[in-house]
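Novice: Output the structure for:
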Amino acid sequence: MNKSPRERRQERTRQDIVEKAFQLIRENGLEKFSLREVARRADFSPAGLYEYFSDKDDLIRAVSIESANRLLPELEAVPRQAQPDAYVLELCLAFLRYARREPTYIGLLSRNNPCVAEQFEKYTLPDLLADPITRLFHDAIQECIEAGVFLESESSGTLDIFYGLWTMCLGMIFVQVNLFLPQAFDFEAIDRLALGTFLAGLAHQSDDV
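Specialist: Numbering: from 1, shown residues only. Just a heads-up that it's a prediction; the model follows:
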């Protein structure tokens with residue numbers, strides 16, 4: 001069904017508010033995030049924002065979705081590799097590059113995304129696969145298992161491997177963003193070595209059986 005001019009204007013206004021909020025969080029962090037400042041930048045009264053968002057958390061959730069939407073095309077652009085485990089590695093590296101460039105994403109991720117490690121067991125596989133980014137990683141890992149590159153067992157199924165990779169990536173990016181200056185290390189090379197070693201270990205499991 002075609003949207004009315006009013007609905008299209010509302011969508012544009014909502015997106016503009018999300019963009020202003022995204023920029024504010026990027027500049028000042030979540031701790032100093034203010035609806036009043038978002039309203040000022042968007043030329044709204046603070047009360048006017050409630051026409052589009054129910055509360056502060058609702059707006060932050062929308063910003064989190066926007067950040068994820070910017071990441072997804074970069075992951076989808078990762079070229080397929082001859083070996084499926086090499087493709088998984090490149091997906092992880094693309095994720096880390098984006099997170100270094102947009103460190104705000106990690107703060108938003110830990111606030112809103114069900115894939116955070118401490119919340120992980122609260123969610124079922126269907127919950128996780130509802131997220132397109134999670135689904136991309138899941139399908140790539142599943143392809144490795146189906147190709148016999150990774151051994152599937154009670155302790156190394158698709159979800160287990162995803163958990164390992166995801167928590168590794170989150171831990172690595174947290175340390176990189178919060179504890180080290182960008183020029184301190186060649187993060188790309190270190191990430192490739194660490195993640196490659198993890199993935200190689202999964203492949204060796206298959207060789208040993």
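
Novice: per-domain residue ranges of the protein.
Specialist: Following automatic domain parsing, one gets these domains for the chain: 5-53, 66-208.

Novice: what is the rounded mean pLDDT of the last one?
Specialist: This means domain 66-208. Here domain 66-208 scores 82 as its mean pLDDT.

Novice: The first one now?
Specialist: Computed over domain 5-53, the mean pLDDT rounds to 88.

Novice: Which among the domains of the chain is found nearest to residue 59?
Specialist: Between residue 59 and the domains of the chain, the shortest gap by C-beta to C-beta is with domain 5-53, which sits at 4.3 Å. For the C-beta atoms, the positions are set from N, CA and C on the backbone; glycine is no exception.

Novice: Could I get the contacting residues of residue 157?
Specialist: Counting by C-beta atoms under 8 Å, 6 or more residues apart in numbering, residue 157 touches residue 145.

Novice: Let's see that with 10 Å instead.
Specialist: Residues counted as contacts of residue 157 (C-beta atoms under 10 Å, 6 or more residues apart in numbering) are 125, 141-142, 145, 150-151, 163.

Novice: Could you pull up phi and psi at it?
Specialist: phi -80, psi -180 (degrees, to the nearest 10).

Novice: The contacts of residue 157 in helices, which ones?
Specialist: When the contacts of residue 157 are checked against helices (DSSP state H), the matches are 125, 141-142, 145, 163.

Novice: which among these gets closest to residue 131?
Specialist: Distance ranking of those against residue 131, using C-beta to C-beta, places residue 125 first at 11.4 Å.

Novice: Help me confirm that residue 17 comes into contact with residue 46.
Specialist: No - at 11.7 Å, residue 17 does not count as touching residue 46 under the criterion of C-beta atoms under 10 Å.

Novice: Report the set of residues contacting both of those two.
Specialist: When C-beta under 10 Å, 6+ apart defines a contact, the residues bordering residue 17 and residue 46 alike are 35, 38-39.

Novice: Tabulate the residues you listed in TSV, adding columns for secondary structure, distance to residue 174 and neighbour count.
Specialist: Shown next, in TSV, are these (DSSP: H, G, I helix; E, B strand; the rest coil; distance: C-beta to C-beta, whole Å; neighbours: other C-beta atoms under 10 Å):
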residue	secondary structure	distance to residue 174	neighbour count
35	helix	27	20
38	helix	26	24
39	helix	31	18
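
Novice: what about the residue nearest the centre of the chain, helix or strand, and which?
Specialist: The geometric centre of the chain, computed from its C-alpha atoms, lies nearest to residue 68 (C-alpha atoms, centre = their mean), at 5.6 Å. Element membership of residue 68 [criterion: DSSP states H and E] is helix 56-76.

Novice: ok, back up a step: may I see the domains of the chain arranged in JSON lines, with distance to residue 60 as well?
Specialist: Rendered in JSON lines, the data for these read as follows (distance: least, C-beta to C-beta, whole Å):
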{"stretch": "domain 5-53", "distance to residue 60": "7"}
{"stretch": "domain 66-208", "distance to residue 60": "7"}
